[in-house]
Structures are given as structure tokens and as C-alpha cells.
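Engineer: show me how the following folds:
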Amino acid sequence: MAEMKLGSEGRPARVAIVGAGPAGFSTAETLLKTDGLHARIDLFERLPAPFGLVRNGVAPDHQQAKSVIRGFERTARHPALRFFGNVMLGRDLRVEDLNAHYDCVVYATGAERPSSLGIPGEDLQGVYSAAQFVGWYNAHPDYCGPPIRLDGVTRAAVVGNGNVAIDAARVLARLPEELAATDIAEDALDTLRRSALREVLLLGRRGPAQAAFSPRELREILDLAGVAVVVDPADAELDEASRRWLAAGAPPSAAQNFEILRRQAAAKPAAAARILRCCFRVSPREILGRGGRVVGMRLERNVLSLDENGAPRAVASGEFSEVDVDLVIVAAGYRGVPLPGLPFDANRAVIPNDAGRVLASDGGAPLPGQYAAGWAATGPVTLIGASVQNARKTAERLAGDVVRRSAEPLPAGFDQAVPRLLARRGVDCVTFADWERLDRHERERGASLGKPRCKIPSTAEMLRLVLDLRRG
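Structural biologist: Modelled structure (predicted):
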């Protein structure tokens, strides 16, 4: 049988994308818009619902940030793309299955494992990872088990200075009435309404200039109704390492954050029902407990020193203090997890890759037709937009590689090979039409409560509803 040009109209490239979050959808959109490239794309997602981090990670009071979903929906409705929800790599499909049925495979699975502090006391009741907390208030199916408990909590600590940390602190501190009109999980809203929380500590190991959250998010917490944001004037002083770093060309956001926090430290806090206290240059060394439950933290003061690259690093000072807290949320970042059948760089917690092309090992040879996009390739980055840009570049490299390849014509019935394989394995795939019916159901439930949507919090319930909605 004569070979044909891969990616041509007569022989479209068959592409599998694993992960239907921002990176997965951006990869698909870029491929579908590439001039001269004809592709047939199957998009696999382990959950019944698409959109990944935008649905399950963006804070409920940031509804505008979720507007990117409209673009993802247009991509999902493209006639050359199929969505397969409730399909998990390693459980329902194997890497060898994908390689047997597709010309190229893109892994855009994100980073799912929360990083820990590695200190005593992290196993105490009342200590949660940011993944647990964010998953809880976003009704993520992975976290629909035991809820976050706030009974008896008057002071909480959030460890971290990134956007996830400030999201967690803001959701804790914000008046529950302001969250009622969002898509926050109903269980989370009820728990926050009953909470007696009065103070939230936001703990950063470096200084105010090195805080990783954006100036926009910082300004947002300053405007929270009923919340006084307090910054110790000593914390807002510019140390020598930070001064040199800012003068040497630090990101513009660093100087903006410092100036916002410096002004806040100089201001007299207004009386408020709740306090959000920004603390800098401290590292938790132990979470203290009593009766198996958190009651405090032991903190060590840090000083900043420039490393060999001129970046400020936290150096332990040996000066300790203790603070009473009833709840700890650890927002120390996320790490990728190994995917069965794929190489994994355990040090960086990513799929080893060179500009998106998967490598047999770190520094090894490229694996033909295998690509990684988004956090699976780079590790967690602060903003969704950075993951989207990485995915687009990976898609461009894939497209450039494809046009240099030839392939045999597709066999008859090729488009049904994978659906039949999944059916034989007993997998009930959720189509995009299924999702659209489920989406309408969530929106209608939400409208009855004055919310944009009321999410279904468990995979089993979503699948049951999918079956019911199929019947009409």
C-alpha cells in the first residue's frame, strides 16, 4: 500500500491528547488552526467533566477567569475533535494502546500531587494541603470525601506566597455572603458560614518583594469587605539583598508588590470582623499538636541572601517563635506524578522532554511521536496563561514534525477502533454531548440558588446523571 503525506487531507494525522485542561485544549486548538495540517484529535480526560484547572482550580470568586471555557467549548465542538471523558491512562487505556492507534500522542496531564513541607506535625488533624482545600471548595471529585473541618477554628495559617496561597487565604477571610453567588461547593459554603474564624495568617519564607502572587491578587485582598489586612512594618522594610535584586532587574511585579505592602504596613488598620495578617521571612519548622489536632506552629525567622544567580534565598537565622493556630493549609506547590508506561524525571517531577518532545530519559533520545505539554512538561507555573503558551509551542513543534513524515493510508473503520476497545473493557465514556447535558443540569441547579452553577461533587453521581440525562 502506497505511503501518503502525514497530515494531508487524504491522510490526516491521528492525534491523542491526554488531559482536557487548559494545556490539552490549547494543544488541540493550535493543531486545528495550523494552516495546511489536517488532524483528527481524540481528547481523553479521566474525569467526566472537562476543563481541568479552570473548573477545579480557579477560585469561585474569580468567575471572570473561567470565561476561557467558552473558547475550549468551541474547540470541543470542532468536527475533527472527539472528547472521551471518564477515561484514565493506566486504568482504561495504556500507552501502548495509544501508540498503536495514533500517529502522535500529547500528554497534558498537569501536576496533581501536592508538595509537603517535610516537617513534624503535618499528619495532625486540621492540617490540609492546598490541593485538598481548593478541591473541597471547588467540588473536585477527588476531594468529595471527608470535608474540611472549621469547627473550633478561630485562627488559620496558610503557608505559601503564591496565587494558590492567596486564593486560599482570601476564601477563608472573605465574608461567606460574598461567596454565596459563586459556584463554590455547597458543603464548603455551609461550613464557612458556620465558622468562627477571626484571623488568617499568610506565611512567606522570603520577603514582600519576593511574594509570588500577582499585584492584582494582592490589591484584591485589600478591598475585601469586613477584612483588615495587616502587615508588620518590620516585615515591610527592604533588606539589602532585596534592594540589590530589585535594582538588578527583578520582575516588575516584585516592586509593585513591595510598594503595595509597604503602604499597607504604614496604614492604620480599620476595625473589621476578620484579620488577614501577611507575615514574611518565616519558615514553619514544626506543626504543634495536642490530642492529635493542630494547636500551633513553630516558626523560624529567615534572612535573605543572594545566591550565585543573584536571586534572594531564605537563610535560617536560628531565631524561633511559636504562634497559636487551629488550622494549617500548606500551599507549597504541586508536583507531577509518573504516568504508567512513560519516562519520568523524579527530580523535576515532569515528563522528560526537549521543547515538548518526550525523551526516553532526562537528556536521552526523543521518543518518536510522543509529546508533553503544560505542567506535565514544565512543572507547575504560576499562571494558566503560561501553561497555555507552552502547550501552543508544543503543538507547533508537533505540527512541524508531522509534515516531515509519511504514513500508510488509514484502515477502514479506524475512527471506531478506540471506542470499540474502550467498550470491550467496560468503559462508559462521557462524550462532549453528555457533558453539555450535565453542564445544563449544573447551571439550572445553580440558577435556582442564585449561583452560576451548582457542581456535582462526585464522579459516581456525575456518571449516574449522565445516564439519566441520556434517556431524556
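
Engineer: so where's this protein uncertain?
Structural biologist: 1-2, 382 (pLDDT under 70).

Engineer: distance from the chain centre to the longest helix along it, please.
Structural biologist: Ranked by residue count and defined by DSSP state H, the top helix of the chain is helix 384-402. Averaging C-alpha positions (CA atoms, centre = their mean, to the nearest Å) puts helix 384-402 18 Å from its chain's average.

Engineer: which other helices and strands contact it?
Structural biologist: Under the contact definition 3 or more CB pairs under 8 Å, 6 or more residues apart in numbering; DSSP states H and E, helix 384-402 sits against helix 22-33, helix 52-56, strand 104-107, strand 366-372, helix 375-378. (C-beta placed from N, C-alpha, C; glycine too.)

Engineer: buried residues in that helix?
Structural biologist: 384, 387-388, 390-399, 401-402 (16 or more other CB atoms under 10 Å).

Engineer: now stretch 337-345
Structural biologist: Using 16+ other CB under 10 Å as the test for burial, stretch 337-345 gives 339, 342-345.

Engineer: how about the strands in the stretch 301-450 of the chain?
Structural biologist: 312-324, 327-330, 334-335, 353-354, 357-359, 366-372, 406-407 (DSSP state E, counting those that start in this stretch).

Engineer: return the most buried member of those.
Structural biologist: strand 327-330 (a mean of 26; mean count of other CB atoms under 10 Å).

Engineer: ok, that strand: who's next to it in the sheet?
Structural biologist: If you go by DSSP bridges, strand 327-330 pairs up with strand 127-129 (parallel), strand 155-159 (parallel).

Engineer: residues contacting residue 211?
Structural biologist: 161, 204, 218, 257, 261, 280 (CB atoms under 8 Å, 6 or more residues apart in numbering).

Engineer: redo those as JSON lines? Include secondary structure and neighbour count.
Structural biologist: Listed next are the contacts of residue 211 as JSON lines, based on DSSP: H, G, I helix; E, B strand; the rest coil; neighbours: other CB atoms under 10 Å:
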{"residue": "161", "secondary structure": "coil", "neighbour count": "25"}
{"residue": "204", "secondary structure": "coil", "neighbour count": "25"}
{"residue": "218", "secondary structure": "helix", "neighbour count": "20"}
{"residue": "257", "secondary structure": "helix", "neighbour count": "24"}
{"residue": "261", "secondary structure": "helix", "neighbour count": "22"}
{"residue": "280", "secondary structure": "coil", "neighbour count": "25"}
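
Engineer: of those, which is the nearest to residue 294?
Structural biologist: Taking CB to CB as the measure, residue 294 lies nearest residue 204 of the contacts of residue 211, at 19.7 Å.

Engineer: next one: that closest one relative to residue 304, how far apart?
Structural biologist: Residue 204 is 11 Å from residue 304, where distance means CB to CB, to the nearest Å.

Engineer: show me where the stretch 51-200 of the chain has strands.
Structural biologist: 81-85, 104-107, 113-114, 127-129, 155-159, 199-203.

Engineer: pick the most deeply packed of those strands.
Structural biologist: Note that of the strands of the stretch 51-200 of the chain, strand 104-107 is the most buried (mean count of other CB under 10 Å), with a mean of 28.

Engineer: from residue 258, how far off is the closest residue to residue 326 other than its chain neighbours?
Structural biologist: Once flanking residues are discounted, residue 326 sits nearest to residue 153: 4.2 Å by CB to CB, 6 or more residues apart in numbering. Residue 153 sits 31 Å away from residue 258, going by CB to CB.

Engineer: could you say what helices and strands the strand or helix carrying residue 221 packs with?
Structural biologist: Element membership for residue 221, per DSSP states H and E: helix 215-222. For helix 215-222, the packing partners by 3+ CB pairs under 8 Å, 6+ apart come out as helix 163-173, strand 227-231, helix 252-266.

Engineer: check the ones you listed for me and report the most buried one.
Structural biologist: Mean neighbour count (mean count of other CB under 10 Å) peaks for helix 163-173 among the helices and strands packed on helix 215-222, with a mean of 25.

Engineer: can you give the contact residues for it?
Structural biologist: So helix 163-173 is contacted by 57, 59-62, 130, 133-134, 137, 156, 158-159, 179, 184, 192, 197, 200, 202, 212-214, 217-218, 220-221, 224, 227, 274, 276, 329, 331, 382-383 (CB under 8 Å, 6+ apart).

Engineer: walk me through the domains of this structure.
Structural biologist: By the assignment in automatic domain parsing, the chain contains the domains 4-112+336-430, 115-333.

Engineer: for residue 471, find the nearest of the ones you listed.
Structural biologist: domain 4-112+336-430 (13.8 Å).

Engineer: just the endpoints, please. Distance across the closest one?
Structural biologist: In domain 4-112+336-430, first residue to last residue: 33 Å (CA to CA, to the nearest Å).

Engineer: same question, stretch 426-435
Structural biologist: 19 Å.

Engineer: give me the contacts around it.
Structural biologist: For stretch 426-435, using CB under 8 Å, 6+ apart, the contacting residues are 48-50, 76-77, 82-87, 92, 419, 422, 438, 462-463, 466-467, 469-470.

Engineer: next, the buried residues of that stretch.
Structural biologist: For stretch 426-435, a neighbour-count test (16+ other CB under 10 Å) marks 427, 429-432, 434-435 as buried.

Engineer: nearest to residue 456, of the domains of the chain?
Structural biologist: Per CB to CB, nearest to residue 456 of the domains of the chain: domain 115-333, 7.3 Å.

Engineer: residue 264 against residue 221, yeah?
Structural biologist: No. If you go by CB atoms under 8 Å, residue 264 and residue 221 don't touch, sitting 9.7 Å apart.

Engineer: sounds good, over and out.
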